[in-house]
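Participant: Fold the following for me, if possible:
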Amino acid sequence: MTAGSVSFTATFNDSETANRLWDALPLRAGASVWGDEIYFGTPVSVPEAPDAQASVELGAVAYWPPGQALCFFFGPTPASRGGDIRPASPANVLGHIEGDPRRLKAVPPGAPIVVEKG
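Facilitator: Predicted coordinates:
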């Protein structure tokens, strides 16, 4: 994956959401930034999973059903409380960024994002 000048690898789990996103790759978009989250719309429509999470771990890769968006979490968002990391509403976690996800702080809004199979 590349976001602006930052390249990184993410590992997807074996969930329905991850498999649907995987099948849709490659994806290209402009980055939207919400606190320490980068997200962008996708052509994939998946409902909220039974195990959707209202709080995610640092480095989580998730799908946000209301916006059909792929999200990369590298710190608190405006919805966060205390030290937790919160999407705008529950998200389907589908993977994790390898290495230090805080490198994504260098990605400005509108930066090109490319997500492809590696």
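
Participant: Okay, now the unreliable bits of this protein?
Facilitator: For the chain, applying pLDDT under 70 flags no range at all.

Participant: Could I get the full set of helices for it?
Facilitator: Remark: helices assigned in the chain by DSSP state H are 16-24.

Participant: For the most centrally placed residue in it, list each beta-bridge partner.
Facilitator: Geometric centre of the chain, nearest residue: Cys71, 1.9 Å, by CA atoms, centre = their mean. As for beta bridges, Cys71 partners with Tyr39, Ala62 under DSSP bridges.

Participant: That one: what's it in contact with?
Facilitator: Under the criterion of CB atoms under 8 Å, 6 or more residues apart in numbering, the neighbours of Cys71 are Glu37, Ile38, Tyr39, Ala60, Val61, Ala62, Tyr63, Trp64, Pro87, Ala91. To be clear about C-beta, it is placed using only N, CA and C from the backbone, and glycine gets the same treatment.

Participant: the strands in this protein, which residues?
Facilitator: Chain-ordered strands for the chain, with DSSP state E as the definition, fall at 2-3, 6-7, 10-12, 27-30, 32-33, 37-41, 60-64, 69-73, 92-97, 112-115.

Participant: Return the list of strands paired to the second one, each annotated with direction.
Facilitator: It refers to strand 6-7. Partner strands and pairing direction for strand 6-7 (DSSP bridges) are strand 2-3 (antiparallel).

Participant: How about residues contacting the partner strand?
Facilitator: So strand 2-3 is contacted by Phe8, Ala31, Ile38, Phe72, Leu104, Val107, Ala111, Pro112, Ile113, Val114 (CB under 8 Å, 6+ apart).

Participant: which of the residues you listed are buried?
Facilitator: The neighbour count (16 or more other CB atoms under 10 Å) marks Phe8, Ala31, Ile38, Phe72, Leu104, Val107, Ala111, Ile113 as buried among the contacts of strand 2-3.
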